[in-house]
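Engineer: the sequence and its predicted three-dimensional model are supplied below.
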Amino acid sequence: IMILYTNHHNLPVPLFNALIASDYDAHDSFVSVTSLIDSPYIWKMRKHTGDPDSGIIIQEDASSRLWALLGSAIHNLVDKAGADYITESRASATILGKKISGKNDLFNPYEGVMSDYKVTTKYSIKGGKSKIEWERQLNVLAFLFRRLGLEVTRLEIIAILRDFMFKDKFSYEFPDIPMKIVPIPMWSNTEQEHYVESRTALFIKYDETPITQLEPCSKEERWASDITYACIKKGATKATKLFTDAIAAQQYADEKGLMIELREASDPRCTEYCSFVKICPYARSKGYDKA
């Protein structure tokens, strides 16, 4: 991608240089695991804007990469300390005639445990939950490792909690320290193979179709939320109950003596994290390109 990095927040020059320095591991794959589990439309936009003939330049403020820099630092340190493990190893396989590849963080060949480090928020693992994208990523990597003859028996995320506070250790929903090992469900060999083949077929379709004829990101890929009606006590900020139906919300509010607060639908990935809002037809139709 042709990116012009800005420094709107006047970050110190050494920090700015570190943020815009790319540690991307170039590979000759058709698609990487990271892209395969994500939006094919974003992948297509990235390829489209990366074409020098497109004349498109994407602007991105360096400050948006601060958390990514922290994640890179942790990966680099763990990589140096993992002498008895397979670290930062790229695996690949040919699926439907296309090369798919991905890089693991940490693999214990003696126990068959595949681990991935994530710098994330404490709410991502609250109450023992995990993200579906973590499950997809690790299962695809396990599939690729099996193609290399390495048997994976267990999957886990090693979550580093960037917003952990001292008081959280007294809650049963959070760990005692700003780190938690999160077990990830492991799919059967058949489920892994079916997922990889179906996603590869989808990306082949997007690759062969003009971008103007493709559907933009789905609601899930936009992290979209619908319009909700929050029933709130007077003076409170937290909703007593949320509704997607206005009539049901009004009936509940009348019954409980509550106020109703309208919360608009949103696409947080588009408005906060996507680099393509200036050229994406969906984002432009919503006016996100003018924000």
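Structural biologist: Sure thing, it's come through. Numbers count the residues shown, from 1 in each chain.
Engineer: from now on I want contacts and neighbour counts done on CA atoms only, so please keep to that.
Structural biologist: Noted.
Engineer: so Ala159 sits in a strand?
Structural biologist: Yes - applying DSSP: H, G, I helix; E, B strand; the rest coil, one finds Ala159 inside a strand.
Engineer: verify the contact between it and Lys118 for me.
Structural biologist: Yes - with contact defined as Cα atoms under 8 Å, Ala159 reaches Lys118; the gap is 4.9 Å.
Engineer: all helices of this structure, in order?
Structural biologist: With DSSP state H, the ranges of helices along the chain come out as 13-20, 33-36, 40-50, 66-81, 132-147, 189-208, 246-256, 268, 281-285.
Engineer: pLDDT on the first one, on average?
Structural biologist: Averaged across helix 13-20, pLDDT comes to 92.
Engineer: what angle do that helix and helix 66-81 make?
Structural biologist: 80 degrees (axes from the mean of the first three to the mean of the last three Cα atoms, to 10 degrees).
Engineer: ok, residues contacting helix 13-20?
Structural biologist: For helix 13-20, contacts defined as Cα atoms under 8 Å, 6 or more residues apart in numbering pick out 5, 7, 62-63, 65-66, 69.
Engineer: may I see the buried residues of it?
Structural biologist: 16, 19-20 (16 or more other Cα atoms under 10 Å).
Engineer: once you drop chain neighbours, what's closest to the residue most central in space within the chain?
Structural biologist: The centroid of the chain falls nearest to Glu133 when counting by Cα atoms, centre = their mean (6.5 Å). Spatial nearest neighbour of Glu133, excluding adjacent residues (Cα to Cα, 6 or more residues apart in numbering): Ile37 at 6.9 Å.
Engineer: residue ranges of the strands in the stretch 151-291 of the chain, please?
Structural biologist: Using DSSP state E, counting those that start in this stretch, the strands of the stretch 151-291 of the chain run over 154-161, 179-184, 228-232, 241-243, 259-263.
Engineer: kindly reformat those as a markdown table containing mean neighbour count and distance to Leu202.
Structural biologist: A markdown table is the format used below for these (neighbours: other Cα atoms under 10 Å; distance: least, Cα to Cα, whole Å):
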| stretch | mean neighbour count | distance to Leu202 |
| --- | --- | --- |
| strand 154-161 | 20 | 26 |
| strand 179-184 | 18 | 25 |
| strand 228-232 | 22 | 32 |
| strand 241-243 | 16 | 35 |
| strand 259-263 | 17 | 34 |
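Engineer: same list (those strands) but as CSV, adding mean pLDDT and distance to Thr49.
Structural biologist: Shown next, in CSV, are the strands of the stretch 151-291 of the chain (pLDDT from 0 to 100; distance: least, Cα to Cα, whole Å):
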stretch, mean pLDDT, distance to Thr49
strand 154-161, 96, 32
strand 179-184, 96, 35
strand 228-232, 94, 35
strand 241-243, 93, 40
strand 259-263, 93, 34
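Engineer: and the nearest residue to Ser218 once chain neighbours are set aside, how close does it get to Ile86?
Structural biologist: Nearest residue to Ser218, sequence neighbours excluded (Cα to Cα, 6+ apart): Ser39, at 8.0 Å. Ser39 sits 29 Å away from Ile86, taking Cα to Cα, to the nearest Å as the criterion.
Engineer: now Ser124
Structural biologist: Between Ser124 and Ile86 the computed distance is 26 Å (Cα to Cα).
Engineer: what does Arg199 give?
Structural biologist: 27 Å.
Engineer: make TSV out of the buried residues of helix 13-20 and add distance to Ser275.
Structural biologist: Shown next, in TSV, are the buried residues of helix 13-20 (distance: Cα to Cα, whole Å):
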residue	distance to Ser275
Phe16	18
Leu19	16
Ile20	14
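Engineer: and Asp168, what does it touch?
Structural biologist: Taking Cα under 8 Å, 6+ apart as the test, what Asp168 contacts is 174-176.
Engineer: on that earlier part again, adding distance to Met114, write the strands of the stretch 151-291 of the chain out as JSON lines.
Structural biologist: Shown next, in JSON lines, are those (distance: least, Cα to Cα, whole Å):
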{"stretch": "strand 154-161", "distance to Met114": "5"}
{"stretch": "strand 179-184", "distance to Met114": "10"}
{"stretch": "strand 228-232", "distance to Met114": "39"}
{"stretch": "strand 241-243", "distance to Met114": "39"}
{"stretch": "strand 259-263", "distance to Met114": "41"}
